[in-house]
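> I need the structure of the sequence given here:
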Amino acid sequence: MKLTELLDRDELKQIVSGLSPLTSSPLFVADEEGEVIAEARRAEFGCLLEGGLGFDTASPTQPKSVEDGSARCTVEACPHFERQTCAPIEVYEGRLGLVVGCGEQAPRTVAFLGDLISRRATDGFELDSLSAEILDKYEEINLLYEVSGALGAVFDTERICKLVLEKAVQVIGVRKASVMLLDETEGVLRIATGVGIPEAASVAVRLGEGISGRVAQTGKPLLLDDIDDLPPDWRGKGRDYDTKSFVSIPVVWATQETEGRGRGYKATPFISVPLVYSTQRAEEKVLGVINMADKESGQTFTSEDLKLLTAIGTQAAIAIYNSRLVEELKEAERVKREMEIAQRIQMSLLPEKPPQVEGLELAGRCVPASAVGGDYYDFFSADGQVSFLVADVSGHSVGSALMMAITRNVLRSEIARGKSPAEVLASTNVAMYEDLSQAELFITAFYTSYDKETRILTYANGGHNLPFVWRACEAPENGYTFLDTDGMLVGVLEDVFYEERTMELRPGDVLILYTDGVTEARNQGEEQFGEERLYRVVKEKGHLPAQELLDEIYRRVREFSGGLAQRDDITVIIMKVL
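Presented below is the predicted three-dimensional model:
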């Protein structure tokens, strides 16, 4: 059995081309011999591959075919050579080929494409087997082939539902039919498309209610000749139960009876089949139901009708599930692009480089934990004064980043007015209190101003980690001076007093400002980096230029974390008096 015997090359090319926008790299589908039978975006990315994919034949124990192991691009000169990923194409544990891609964004798309083609090939294999068993059902088999082929490259749920219903109505021959999809959030079935029902019809059937709701809840198909044949627990109260409550739309599933004195509804024979998707964990997931009623022949539905509609429903469920996965991939890619844009915007709000100030060395850096972060720092230099600020918004969300961008504008406005550190924090607190309270966020901030002539450092603290000055000229045990003042977090109380203090600096002094992302960085044992390790780095390397000391602090934090993902934004500012 070969892959190209189950799926033709044109269909494979359609599938690969349809998914290629989800990854920024070439995609290849190879058969059992490593021959590339479908590809996408090769020319666009200047792919150097010529011919088929290769196998490592240096050793007799190494794989020489897809069945033995995996294939890969053999062009070592390609910049993506070391970032290849592949996914098997299998039918009942028999490997027929591979999907191969390269680049950082390829793994998820390659895995999805491998699973998609495997399912399509499995469908083809099952249809081939079924055709051998029931050759007398040519029309029905032909329908399944048509549905399978038509759904192969369709990733729009609405189109899938319409196509499936159109084919099913055609071969089974009914006047009324509908596809209802399950809204998992609300737990209701809603009509996605229909035939022979009012255009304005809008119905929501809860799981467990009515025939459609029961079929979706149990995952079992139902063929019914008469509403009176319903199981007792499916009926309403009393003998005169309302048949409308058991069906999707009374006009669709009942024929009006006008003879006699009364006017009511008499149910016609109908069939309801769940759209069931089997996950890789062998779990069944119901995505909706297909309902049919009113056969054109006037006859009742048969077990063959049920079997055929169940087969169509299975293919529809796979196609719908895949279409939703594609939408999730598209949404994830869209969000990723938007976050990258947001990160570029946020990083542009930080200083590109510190100002050049005679007699001082300045350095600063912010590394966000995610695409966007809540840390902020800035430098200001004018009229013999150099000032700098570090702040941290609670949380690590887009909301935190947005609030920091707003706060930045307020802080810069207050600083531009020539206010003292304490006045800057107090005015910012008043301006931001309402917004921060409504967002349930707060900000820690430290602002300081240094006079080059007098070497006086004036500072105020709004609940931030205590900055410190390291003095190389003093004994190690007395080498640290902490800049501690009274001051509440910004945004907690509307009216806050911020204490302001001063300190005279000396040549060789090193001032360190940082956020809690430094000291709260954790290793695999959940131990924090802590203040003592930070003090030790400054003590050991304080003689270095400011930029080199900054690099060393970040290196020590990364080394301590041991490759674990960064949990919080890390920001450090250094000022060294020459």
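
> Is I37 in a helix, a strand, or coil?
Secondary structure, DSSP: H, G, I helix; E, B strand; the rest coil: I37 is strand.

> Also K285?
strand.

> same check, this time on the one 5 residues further on
When the structure is split into helix, strand and coil by three-state DSSP, I290 lands in strand.

> ok, it - contacts?
164-165, 168, 177-180, 272-273, 275, 309, 312-313, 316 (Cβ atoms under 8 Å, 6 or more residues apart in numbering). (Glycine included, C-beta is placed from N, CA and C.)

> Tell me the bridge partners for it.
With DSSP bridges as the criterion, I290 is bridged to V179, V273.

> and the gap between it and D568?
Distance, I290 to D568, using Cβ to Cβ, to the nearest Å: 51 Å.

> which residues touch T310?
Here T310 is in contact with 221, 273 (Cβ under 8 Å, 6+ apart).

> SS state for it?
Following three-state DSSP, we place T310 in the helix state.

> what does T502 give?
strand.

> all helices of the stretch 201-350 of the chain, in order?
210-218, 250-253, 303-348 (DSSP state H, counting those that start in this stretch).

> Nearest to L389, out of these?
helix 303-348 (16.0 Å; Cβ to Cβ).

> For whatever helix or strand comes next after the closest one, report the contacting residues that lie outside it.
Counting by DSSP states H and E, the next helix or strand C-terminal to helix 303-348 is strand 360-367. For strand 360-367, the external contacting residues (Cβ under 8 Å, 6+ apart) are 347, 350-351, 354-355, 373, 375-377, 379, 386, 388, 450, 452, 517, 545-547, 549-550, 554, 566, 569-578.

> just checking, what packs against the helix or strand following strand 360-367?
Tracing the chain past strand 360-367, the next element assigned as helix or strand by DSSP H and E is strand 375-382. For strand 375-382, the helices and strands in contact under the criterion 3 or more Cβ pairs under 8 Å, 6 or more residues apart in numbering; DSSP states H and E are strand 360-367, strand 385-393, helix 398-416, strand 570-577.

> Buried deepest among those, which one?
Most buried of the helices and strands packed on strand 375-382, by mean neighbour count (mean count of other Cβ atoms under 10 Å): strand 570-577, with a mean of 25.

> ok and it relative to strand 360-367, angle-wise?
Angle of strand 570-577 versus strand 360-367, following axes from the mean of the first three to the mean of the last three Cα atoms, to 10 degrees, is 180 degrees.

> Pull the residues that contact strand 570-577.
359-367, 369, 375-377, 386, 388, 390, 392, 450, 455, 505-515, 517-518, 521, 545-546, 549-550, 553-554, 557.

> Same check on stretch 10-23?
Identification of contacts with stretch 10-23 by Cβ under 8 Å, 6+ apart yields 3, 27, 29, 37-41, 101, 103, 105-106, 108-110, 112-113, 116-117, 120, 149, 152-153, 155, 326, 329-330, 333.

> quick revisit: lowest-confidence stretch among the helices of the stretch 201-350 of the chain?
Lowest mean pLDDT within the helices of the stretch 201-350 of the chain: helix 250-253, at a mean of 36.

> related to what we said a few turns ago, quick one: which of the helices and strands packed on strand 375-382 is nearest S303?
helix 398-416 (55.1 Å).

> so after the closest one, what's the next helix or strand?
Downstream of helix 398-416, the first helix or strand assigned by DSSP H and E is helix 421-439.

> taking the mean pLDDT, what do you get for the helix or strand following that following helix?
Later in the chain than helix 421-439, the nearest helix or strand by DSSP H and E is strand 443-451. Here strand 443-451 scores 96 as its mean pLDDT.

> Just the residues contacting whichever helix or strand comes after strand 443-451, thanks.
The helix or strand immediately downstream of strand 443-451 is strand 456-462, counting by DSSP H and E. The list of residues contacting strand 456-462 from outside it, by Cβ under 8 Å, 6+ apart, reads 420-422, 424-425, 429, 443-451, 467, 469, 483-490, 498-505, 511.

> Are any of those residues buried, and if so which?
421-422, 424-425, 429, 443-451, 467, 469, 483, 485, 487-490, 498, 500-501, 503, 505, 511 (16 or more other Cβ atoms under 10 Å).

> count of neighbours near the closest residue in space to G208 that isn't next to it in sequence?
Nearest non-adjacent residue to G208, counting by Cβ to Cβ, 6 or more residues apart in numbering: Q217, 4.7 Å away. A total of 17 residues lie near Q217 under the criterion other Cβ atoms under 10 Å.

> try R159
Using other Cβ under 10 Å, R159 has 15 neighbouring residues.

> What of E104?
Neighbours of E104 (other Cβ under 10 Å): 11.

> Okay, it and A521: tell me how far apart.
Taken as Cβ to Cβ, the span from E104 to A521 is 25 Å.

> Same question for L130.
For L130, the distance to A521 - Cβ to Cβ - is 59 Å.

> For these two, indicate the residue with more neighbours.
Counting neighbours by other Cβ under 10 Å for L130 and for A521 shows that A521 has the greater number, 22 against 14.

> What are the neighbouring residues in contact with that one?
528-529, 557, 560-561, 566-568, 570.

> what do you get for T519?
465, 528-531, 534.

> Give the phi and psi angles for it, as a check.
Backbone torsions of T519, given as degrees, to the nearest 10, read phi -80, psi -20.

> quick one on the thing from earlier: PyMOL command to pick out the buried ones of the contacts of stretch 10-23?
PyMOL command restricting the contacts of stretch 10-23 to the buried ones, with burial defined by 16+ other Cβ under 10 Å:
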select buried, resi 3+27+29+37+38+39+40+41+101+103+105+106+109+110+112+113+116+117+120+149+152+153+155+326+329+333
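
> centroid residue for the chain?
A332 (4.2 Å; Cα atoms, centre = their mean).

> Once you drop chain neighbours, what's closest to E500?
In space, E500 is closest to A422, 3.8 Å off (Cβ to Cβ, 6+ apart).

> Could you report the distance from that neighbour to F380?
For A422, the distance to F380 - Cβ to Cβ - is 16 Å.

> Check R408 too.
Going from R408 to F380 by Cβ to Cβ gives 12 Å.

> Then E296?
E296 is 82 Å from F380, by Cβ to Cβ.

> higher neighbour count, those two?
Shown here are E296 and F380; by other Cβ under 10 Å, F380 has more neighbours (17 against 10).

> Can you name the residues that contact the more buried one?
F380 sits in contact with 386-389, 415, where contact means Cβ under 8 Å, 6+ apart.

> hmm, 6 Å instead?
By Cβ atoms under 6 Å, 6 or more residues apart in numbering, the contact list for F380 reads 387, 415.

> That one pairs with what?
Assigned bridge partners for F380, using DSSP bridges, are S387.

> Please apply the same query to A460.
Here A460, judged by DSSP bridges, has bridge partners Y447.

> burial count for it?
Residues near A460, counting by other Cβ under 10 Å, number 25.

> Find the nearest non-adjacent residue to S449, please.
S387 (4.2 Å).

> E126 versus that neighbour, what's the distance?
The gap separating S387 from E126 is 73 Å, by Cβ to Cβ.

> A177 too?
For A177, the distance to E126 equals 24 Å [Cβ to Cβ].

> Settle it for me: which of the two has more neighbours?
Using other Cβ under 10 Å, the more surrounded residue of A177 and E126 is A177, with 24 against 18.

> can I assume that one sits in a strand?
Yes. Counting by three-state DSSP, A177 is found in a strand.

> isn't it right next to T193, touching?
No. With contacts defined as Cβ atoms under 6 Å, A177 does not count as touching T193, sitting 9.0 Å away.

> Could you list the low-pLDDT ranges of the stretch 451-578 of the chain?
The stretch 451-578 of the chain contains residues with pLDDT under 70 at 474-478.

> what about the helices in it?
Secondary structure of the stretch 451-578 of the chain (DSSP H, counting those that start in this stretch): helices at 516-519, 530-541, 546-561.
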